[in-house]
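In: Mind folding the following:
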Amino acid sequence: GAKAMGMGFAFTAQADDPSAIYFNPAGLTQLKGQNIMVGLTYVRENGGEFIGTTPVDNNVPLTSGGFTNQKSETQKSLNFFIPNAYYTKTNASTGFAYGVGIFAPFGLGQEYNDRNTSIFRNQITKIDLMTVVVNPTIAFKVNEVLSMGAGIDYMYGKAKLAKTPVNFAIGDNSATPPTNNLYLLDLDADGDAWGYNAGLLLTPSKNMKVGFSYRSSFTLKLKDGDVNLSDISTVGRTGLSGASLSLAAFGGATTYPAKGSTVISMPATAALGVSCNFTDRLTVEADVDWTFWSSFSELRIQLPTVLIGAGPSAALGTSVTPKGWKDVAALRLGAQYKVTDPLALRVGFAYDPSPVPADTMGPELPDADRLYYMVGAGYKYKNWTFDGSYLYMAKKDRTVNNQTATSPTGTAGTGFNGTWKGDAHLVAFDVAYKF
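Out: Below you'll find the predicted structure:
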C-alpha cells in the first residue's frame, strides 16, 4: 500500500489499513466496518549500466592480463504499472474479521537493447516475470493484547525469456551483425502455485504495538510453455546443453516451435516490527524483514527432443544455471506525523542487502545492495482516505568477476568481469472507502 511505502514498508506492527492482508493479517481486527481499497504503483526502472567484459564482446586477452578494451552496455529502461485491491470486514463486537487481497509480491523485468548484438545475448536478452496473488484472509481478536490472522494464497505467474546462443566455431563475432549466433530463442510460459500466510499482533500498551508475519514459499511450475526458435543459423546447431545438433535435426527450417518448462522457487518471507506512538501525532516503526532466498538454488529450463520423421533426434537440452542465492534480512524504518486530524506526512528508509552471490550473478538480474528513500502523505475526507508516496531506490555499484571461458567446441562462456550500477523510481497512490 501507498501508506506503507511512504513509511519505508515498516508496517508489520501498524497494519491499520486494508493492506494488512499483505503486511500482517492480524491487523484486520483494528479496522472498523467494511473497507475497500484500490491502488496503483508506477515503477520506472532505469536501465542498468555495465562496463567491463563478457565472453562474447570480442575483446582480446592481453598477455599482461586484462583485455584490449572494455565494453559498455545499458539495459532498456522499463515502465511497470502494478495494481492492488483489498476488501475487508471487521465485527467489533465479536472481534472477527475477514477479507481478500489481490497484489503482486514478486516481479522481475530486464531487457537488453539488441538481441542480435548484445554482449550478454548468449546468456539473456530479455526476462519478464509477473506474479499475482489472491489472498483470502481471516483474523480474530483473542483479547485486548493479542490478535491473530491467517490466509490462503493462490499465485498465478507468467514468465517470458529470450536469449541468443552463440558458438565461435561457426562464424565471426566481429562481423556486423555477428555471424556466430545459432538462433533466437523465446520462451513464454505460465503456471500457478499455492501458499499460506499468518500473523500476530500484540498491543502491550496503547502507545506500543508488536507485529509478526510469515508468508510461505511458492513453487511456481511453468509447464508446457511455448518455445520458438527463429533465425536458425544455416551453419550449425547447438542445443542449450551445448550438445551439437545437425542441420537435418530441424529439417532445414530456419524456425522451429516446441514446448518447454521451468520451475521457479519463490522464497518464504517473515517480518518483525515494533511501532511506538511517541505523541498523539508522531508514530515511528522499525521492522526487520527476512527473505529466504536460499530456496532459489538453480534456474532450470527443460526443452524437448527434436523430432525427425517418426523418431527422435538429439535433444535441445536442459539449461541448468546454478544460483545458490542466500537468505537476507532487510532493515526498515518509518515515521508518520499527523499535521492535522485529516492530514498525515510520512518518511521512510530501508536497507535491503542483495541475496545474489558474486560467483553466480548473471545479466538476468545484476543485483546489488539497495538503499530506499521514501516520502508520503495521507488525507482523510469523511469516509474516504487518500494515500500517496514516492520511493527512490539506489543500487550500490557492484563489481563482479565471474566470467568463464569458451568451451573447446566453441560454445560461448557465461558471466562477466565488470561493474554494474542502476536505480529506480516508484510512485504509489491508493484510495480507500469505509462503509
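In: Can you give me the buried ones in whichever strand or helix holds residue 431?
Out: Using DSSP states H and E, residue 431 sits within strand 423-434. Judged by neighbour count (16 or more other CB atoms under 10 Å), strand 423-434 contains these buried residues: 424, 426, 428, 430, 432, 434. (Each C-beta comes from the backbone N, C-alpha and C, glycine too.)
In: what does stretch 293-303 give?
Out: Quick answer for stretch 293-303 (16+ other CB under 10 Å): 293-296, 299, 301-303.
In: which residues in the stretch 301-435 of the chain form strands?
Out: Assigned strands in the stretch 301-435 of the chain, in chain order: 305-308, 311-315, 318-322, 328-338, 343-352, 370-381, 384-395, 398-401, 417-421, 423-434 (criterion: DSSP state E, counting those that start in this stretch).
In: Contact partners for residue 159?
Out: For residue 159, the contacting residues are 127-130, 187-190, 222, 225, 262, 264, taking CB atoms under 8 Å, 6 or more residues apart in numbering as the criterion.
In: let's see it at 6 Å
Out: Remark: with contacts taken as CB atoms under 6 Å, 6 or more residues apart in numbering, residue 159 is in contact with 129, 189, 222.
In: Chain neighbours aside, what residue packs nearest to the second one?
Out: Counting by CB to CB, 6 or more residues apart in numbering, residue 189 lies nearest to residue 225, which is 2.5 Å off, once chain neighbours are set aside.
In: The last one now?
Out: Counting by CB to CB, 6+ apart, residue 222 lies nearest to residue 189, which is 3.8 Å off, once chain neighbours are set aside.
In: and the next element down the chain from the helix or strand where the one you found lies?
Out: If you go by DSSP H and E, residue 189 is part of strand 184-205. Where DSSP H and E defines the elements, the next helix or strand beyond strand 184-205 is strand 208-215.
In: still on that earlier bit, now for the buried residues of stretch 293-303: which two are most distant?
Out: With distance counted by CB to CB, no two of the buried residues of stretch 293-303 lie farther apart than 294 and 303, which are 26.9 Å apart.
In: Quick check: residue 78 vs residue 13, distance?
Out: Taking CB to CB, to the nearest Å as the measure, residue 78 and residue 13 are separated by 33 Å.
In: Same drill for the two, tell me which one is more crowded.
Out: A direct count of neighbours by other CB atoms under 10 Å for residue 78 and residue 13 places residue 13 higher, at 28 against 15.
In: give me the beta-bridge partners of residue 372?
Out: Legend: beta-bridge partners of residue 372 under DSSP bridges are residue 350, residue 393.
In: Pull the number of nearby residues for it.
Out: Residues contacting residue 372 under the criterion other CB under 10 Å number 20.
In: Mind pulling up the pLDDT for it?
Out: Residue 372 is assigned a predicted lDDT (pLDDT) of 97.
In: Give the full set of residues in contact with the residue nearest to the spatial centre of the chain.
Out: Relative to the mean C-alpha position of the chain, the nearest C-alpha, by CA atoms, centre = their mean, is the one of residue 107, at 3.4 Å. Applying CB under 6 Å, 6+ apart to residue 107 gives the contacts residue 130.
In: what's the spacing between it and residue 47?
Out: Taking CB to CB as the criterion, residue 107 is separated from residue 47 by 17 Å.
In: wait, which of the buried residues of stretch 293-303 is closest to residue 231?
Out: Of all these, the one sitting nearest residue 231 is residue 303; the distance, using CB to CB, is 17.0 Å.
In: I'd like to know which of the strands of the stretch 301-435 of the chain is closest to residue 268.
Out: The closest approach between residue 268 and any of the strands of the stretch 301-435 of the chain, judged by CB to CB, belongs to strand 328-338 at 12.4 Å.
In: what pairs with that closest one, and is each one parallel or antiparallel?
Out: Paired with strand 328-338 in the same sheet, following DSSP bridges, are strand 282-291 (antiparallel), strand 343-352 (antiparallel).
In: pLDDT weak spots in the stretch 101-250 of the chain?
Out: Along the stretch 101-250 of the chain, the parts satisfying pLDDT under 70 run over 234-250.
In: returning to what we had before: okay, now the residue nearest to residue 222: neighbour count?
Out: Other residues within reach of residue 189, judged by other CB under 10 Å, total 23.
In: and it, what does it touch?
Out: Under the criterion of CB under 6 Å, 6+ apart, the contact partners of residue 189 comprise 159, 222, 225.
In: With residue 95 instead?
Out: If a contact means CB under 6 Å, 6+ apart, then residue 95 has 140-141 as its contacts.
In: And it, how close does it get to residue 148?
Out: Taking CB to CB as the criterion, residue 95 is separated from residue 148 by 10 Å.
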